[in-house]
Structure formats: C-alpha cells, structure tokens
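need coordinates for the below:
(one chain, ligands or ions: 2)
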Amino acid sequence: MMQQIYPQVVHPYQFELNKDFHFAAAHYVPAEAAGKCRQVHGHTYFVNITVAGDDLDDTGFLVNFSLLKKLVHDRFDHTLLNDDSEQFDDTVPSRFPTTEVVAKTVAELVQQQLDTQPNRPRCVQVFLRETPTSYVVYRPKAGSL
Ligand SMILES: Nc1nc2c(c(=O)[nH]1)N=C([C@H](O)[C@H](O)COP(=O)(O)OP(=O)(O)OP(=O)(O)O)CN2
Ligand SMILES: [Zn+2]
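Ligands and ions are numbered 1, 2, ... in the order given. Model (predicted):
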C-alpha cells in the first residue's frame, strides 16, 4: 500500500535513503477560503522522507530509519495538529497546519535531528499525502534548514 513511486529529488550526494510511514491526525484550516476544511476533520497522512549524504555513521547508516519515523509519528499521531503551538499557529497563515506547512514542519524536525549527527546528512525532500487525491512535496533549499 505504501509502495508507490515518489517524485525524484536532484542532489549531489552519494547515498539517499527513503522512509515511508503514516500517522493519523485531525486538523482544521482557520481561514474563510478553506471552506469545509475550516471544520475539524481527520486524515491518515502518508509520509515519505528523503535523506541524503556522503558519510555514514558508526553503524553504517545515514540515519536510522526507525528514528525518522519516531520523530514524526510520536509527535503527531492521534493529535489535533492545531494544538501543537510549538509548530502551528491559528493566527498566522504561514503556520496554519495545511499540507504545505505540515510538510515543511516535518522537514525542519528531521533536519534538527540530523544536525546532531557527526555525519551531517540532509533532509532533501518530504512527500506528504493528506488524502487519496492530494499531496505536497517540500524540498528545502540548500542550507535553508
Ligand atoms: N493547497 C491546499 N489546499 C487544500 C488543503 C491544503 O492543505 N493545502 N487542505 C484542504 C483540506 O484540508 C482537505 O483535507 C483536503 O482537501 P481536498 O483534496 O479538496 O479533499 P477531497 O477529499 O474532498 O478531494 P476530492 O479529490 O475532491 O475527493 C483543502 N485544500
Ligand atoms: Zn484536511
């Protein structure tokens, strides 16, 4: 079910890994233009995280696959995203929990973790599917996270 082909990201690194997982969460988009999405509703979000780098850690990993899932799944699964005031803000459009903003947030959380590793891998893409027909791809600009 998660074995789908994702968009490819161009990067200069020798290694690339991808981790798929999903989480269930509720949200609402607090803007008139969001229409029915202004009401609280839920999704099963499907996530694909792409990490790249030239150097491996002492275990021969770029980053442990399970760590990537834990970081995001443990934080957002079975939550109301709007309640996470560290990441989202109902008064600032660029921080509403839209698919775009959630994808960017996932990339930032992942990169913060990667920055603690001596081999310094990069999160180069986050693919976030909100519904069977809607998804966002977020690609951090080099050096932006
Ligand atoms: N650019 C964005 N547009 C919309 C977002 C968003 O995050 N970014 N979100 C929503 C809603 O939250 C909704 O969950 C998804 O909307 P939509 O794809 O329209 O959902 P449907 O299941 O109704 O889609 P159909 O393909 O028409 O069945 C809305 N827009
Ligand atoms: Zn929604």
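
need the residues of this structure near ligand 1, please.
29, 37, 98, 99, 100, 130, 131, 133, 134 (CB under 6 Å from any ligand atom). No exception for glycine: its C-beta is placed from N, CA and C like everyone else's.

buried subset of the residues you listed, written for PyMOL?
A single PyMOL command is used to select the members of these judged buried by 16 or more other CB atoms under 10 Å:
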select buried, resi 29+37+98+99+130
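
so which pair among the residues of the chain next to ligand 1 is furthest apart in space?
When these are compared pair by pair using CB to CB, the two farthest from each other are 29 and 133, 16.7 Å apart.

now residue 125: how far from ligand 1?
When distances are taken as CB to the nearest ligand atom, to the nearest Å, residue 125 and ligand 1 turn out to be 18 Å apart.

please give me every residue in contact with that residue.
Contacts for residue 125 were tallied using CB atoms under 8 Å, 6 or more residues apart in numbering; they are 6, 7, 9, 48, 49, 50, 107, 137, 138, 139.

go on, residue 39?
Taking CB under 8 Å, 6+ apart, we find residue 39 in contact with residue 28.

mean confidence for the lengthiest helix in the chain?
Taking DSSP state H as the assignment, the helix of the chain that covers the most residues is helix 99-114. For helix 99-114, mean pLDDT is 98.

angle of the next helix or strand after that helix against helix 99-114?
The helix or strand immediately downstream of helix 99-114 is strand 122-131, counting by DSSP states H and E. Angular relation of strand 122-131 and helix 99-114 on a 0 to 180 degree scale: 150 degrees, by axes from the mean of the first three to the mean of the last three CA atoms, to 10 degrees.

mind checking how far the residue nearest in space to the middle of the chain is from residue 127?
To find the centre residue of the chain, average its C-alpha atoms and take the closest one (CA atoms, centre = their mean): that gives residue 106, at 3.0 Å. When distances are taken as CB to CB, to the nearest Å, residue 106 and residue 127 turn out to be 10 Å apart.

in stretch 73-83, which residues are buried?
Of the residues in stretch 73-83, those scored as buried under the neighbour-count criterion (16+ other CB under 10 Å) are 73, 75, 76, 81, 82.
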